[in-house]
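Engineer: structure of the sequence below:
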Amino acid sequence: MKLIIQIPCLNEALTLPATLADLPTSVPGVDVIETLVIDDGSSDETVRVARAHGVKHIVRFRRRKGLAAAFMAGIDASLQAGADIIVNTDGDNQYAGREIARLVAPLLAGDADIVIGDRNIRDLTHMSWPKKMLQRFGSWAVRQVSNTAVPDTTSGFRAYTRDAALRMTVVSEFSYTLESIIQAGKKKMAIAHVEIATNQRTRPSRLFGSIFSYLKQSGATIVRIYAMYEPLKIFTYIGSTVFLVGFAIALRFVYYFYFYKDTGKIQSVILSAVLMIVGFQVVLIGLLADVISGNRKLLEDVLYRVRRMEIARTSSTDTAETKDT
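Structural biologist: As a prediction, this is how the structure comes out:
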């Protein structure tokens, strides 16, 4: 049983040594533990520090591509390196390395495909009250659209089985955390969570510049990914709402026409006709999108099979390696 701990990094030369030192050297039920660093176009000495501390695998971007791209590059490299279990953690040493044993335990027991670390947001002292409320609301929204029970959906401390990692196809450029949960929920994967301890905060988050930016990006991600898997439901809701508004306006015209002989509300007839036509067209678009969604599911299955065959052929080396992309 091989465990690879992947660490996406952006200018983490100062915090990476502590992160690496905090990682466990042995985990019950695991035979081999290796580390992989994904350098997201850092301008500091992140790669040099990783090599100096004995990191076995390094993936290096020539320019910054974002956290989601770094996460997926790490997943691909870990699979090619023969990982049976992949743990993702942060380069700022936010997550306690000693918790990895608890994180992977449900995977080793065969009870889950994915395990996500729950930071117990309410007890975090460095997070302000408004941010805690937003995080709880965001996690609730993700649970509703994904049909999962994950309490801390933005946690980057998570573990994947080999098969679950093969099925991951993150398309967002912002972050993988929300999208991967919604995707896993729609694919009926078994998702578990465990409460974890965290280390002292070493620096502010660099994922987003402001709360407004985070809300905008997260909201767009949730809506887009949900629409990918449930397009007919979304377009039916929208189209039906527009159609019913138009229908209500038409009833208003009929009411005044028959009871008051008022023929002067022609604008209502025009508006209701436009709204009902638009609503009907939106529902038709939903039917088309549902067909496209079915094709996407077929393509994801094909991609899963292709990746599995590719990784079976290139399954990895025992030597340290650096990949530039």
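Engineer: roughly how far does residue 64 sit from residue 174?
Structural biologist: 13 Å (Cβ to Cβ, to the nearest Å). Every C-beta, even on glycine, is put in place using the N, C-alpha and C of the backbone.
Engineer: for residue 293, give me its contacts.
Structural biologist: 228, 229, 230, 231, 232 (Cβ atoms under 8 Å, 6 or more residues apart in numbering).
Engineer: now residue 164: how far from residue 174?
Structural biologist: Counting by Cβ to Cβ, the gap from residue 164 to residue 174 is 21 Å.
Engineer: kindly apply the preceding question to residue 48 instead.
Structural biologist: 29 Å.
Engineer: helix, strand, or coil at residue 28?
Structural biologist: With DSSP: H, G, I helix; E, B strand; the rest coil as the basis, residue 28 sits in coil.
Engineer: do you know how far the closest residue to residue 66 other than its chain neighbours is from residue 185?
Structural biologist: Excluding the flanking residues, the one nearest residue 66 by Cβ to Cβ, 6 or more residues apart in numbering is residue 173, at 5.0 Å. Distance check for residue 173 against residue 185: by Cβ to Cβ, it reads 21 Å.
Engineer: neighbour count winner among residue 64 and residue 174?
Structural biologist: Per other Cβ atoms under 10 Å, whichever of residue 64 and residue 174 has more neighbours is residue 174, with 20 against 15.
Engineer: residues touching stretch 59-76, excluding its own?
Structural biologist: Contacts of stretch 59-76 (Cβ under 8 Å, 6+ apart): 6-10, 36-41, 47, 77, 86, 88, 160, 165, 168, 170, 172-176, 179, 207, 307, 322-325.
Engineer: oops, could you answer that again for stretch 270-290 instead?
Structural biologist: Contacts for stretch 270-290 (Cβ under 8 Å, 6+ apart): 227, 231-236, 238-250, 253.
Engineer: CA atoms of the helix or strand where residue 143 lies as PDB?
Structural biologist: According to DSSP states H and E, residue 143 maps onto helix 129-146. Extracted in PDB, the C-alpha atoms of helix 129-146 (Å, rounded to 0.1, in the frame of the first residue of the first chain):
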ATOM      1  CA  TRP A 129     -17.200  35.700  12.700                       C
ATOM      2  CA  PRO A 130     -18.400  36.900   9.300                       C
ATOM      3  CA  LYS A 131     -16.000  34.500   7.500                       C
ATOM      4  CA  LYS A 132     -17.200  31.700   9.700                       C
ATOM      5  CA  MET A 133     -20.800  32.500   8.800                       C
ATOM      6  CA  LEU A 134     -20.000  32.600   5.100                       C
ATOM      7  CA  GLN A 135     -18.100  29.300   5.300                       C
ATOM      8  CA  ARG A 136     -21.000  27.600   7.100                       C
ATOM      9  CA  PHE A 137     -23.500  28.900   4.600                       C
ATOM     10  CA  GLY A 138     -21.300  27.900   1.700                       C
ATOM     11  CA  SER A 139     -20.800  24.400   3.100                       C
ATOM     12  CA  TRP A 140     -24.600  24.100   3.500                       C
ATOM     13  CA  ALA A 141     -25.100  25.200  -0.100                       C
ATOM     14  CA  VAL A 142     -22.600  22.600  -1.400                       C
ATOM     15  CA  ARG A 143     -24.200  19.900   0.700                       C
ATOM     16  CA  GLN A 144     -27.600  20.700  -0.800                       C
ATOM     17  CA  VAL A 145     -26.400  20.500  -4.400                       C
ATOM     18  CA  SER A 146     -24.100  17.500  -3.900                       C
END
